[in-house]
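Undergrad: how would this look folded up:
(one chain, ligands or ions: 2)
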Amino acid sequence: MSAIALAPGLTYHPDYLDRAAQERLLEAVREVTRAAPLFSPRMPRTGKAFSVRMTNCGPLGWVSDVNGYRYQPTHPETGKPWPTMPDQVLKAWKDLSDYPQPPDACLINFYEPSARMGLHQDKDEEEFGAPVVSLSLGDTGLFRYGGLDRKDPTRSIKLKSGDAVVFGGPSRLIFHGVDRITPGTSDLLQQGGRLNLTLRKVRSGL
Ligand code: SIN
Ligand code: MN
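TA: Ligands and ions are numbered 1, 2, ... in the order given. Coordinates of the predicted model:
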């Protein structure tokens, strides 16, 4: 299906990945998690665990703990460098971003059926000229997006397995989050749940 503009700079690509591509990407994610296991990030200050578990691939990975949010080149538990980004992820960036350089971070979020993600902005990157490209696999997630102010009105769309969203330009810093996952909406992941990959360009000028 063709792209749908949700707002200036915010584009929804339903069914961007067909079933075979979803299966290939899932296998690539599994390979990443074998080298870089999912970890439970914690909120800065409070130390409260997120309901989402995470890992990363690419030169830099996003982590959060009592010391704050940041990007770092190594896994917080194993201390090893993040695995390289799968070719399919790099291809999605080429297809969907209008940015000349490759991404240097790919955050992989895993949502159990009860997990959610509160409204936030992606603003730990240096390079806001590059969009964020999001790919969803598995159960449908209710994605909420608003404006540049937390108090701006929000809308929601259901992101299903294979959907992509790009937020760039005037929407690069919009507030967004995931209110809930709907169990049983996809049979891609045998145990259920949802995976979301967000591709970002963190460092500018490299
Ligand atoms: C995120 O904002 O990091 C994830 C968004 C999503 O899971 O769709
Ligand atoms: Mn985000």
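Undergrad: Find the nearest non-adjacent residue to residue 37, please.
TA: Setting aside the residues directly before and after it, residue 37 is nearest to residue 55 in space (Cβ to Cβ, 6 or more residues apart in numbering), at 6.7 Å. Backbone N, C-alpha and C define where each C-beta goes, glycine included.
Undergrad: didn't that neighbour look like it was pressed against residue 31?
TA: No - look at residue 55 against residue 31 with Cβ atoms under 8 Å: they stay out of range, at 11.2 Å.
Undergrad: So between these two, which is more surrounded?
TA: Each of residue 55 and residue 31 has its neighbours counted (other Cβ atoms under 10 Å); residue 55 has more, 24 against 13.
Undergrad: Kindly export the host helix or strand of that one (C-alpha atoms) in CSV.
TA: Here residue 55, judged by DSSP states H and E, is contained in strand 53-57. Extracted C-alpha coordinates of strand 53-57, given in CSV (Å, rounded to 0.1, in the frame of the first residue of the first chain):
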residue,chain,number,x,y,z
ARG,A,53,12.7,-4.8,27.2
MET,A,54,15.3,-3.6,24.8
THR,A,55,18.4,-4.3,22.8
ASN,A,56,20.2,-2.5,20.0
CYS,A,57,22.3,-3.1,16.9
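Undergrad: what comes into contact with it?
TA: 32-33, 36-41, 61-63, 75, 82-86, 89, 105-110, 112, 115 (Cβ atoms under 8 Å, 6 or more residues apart in numbering).
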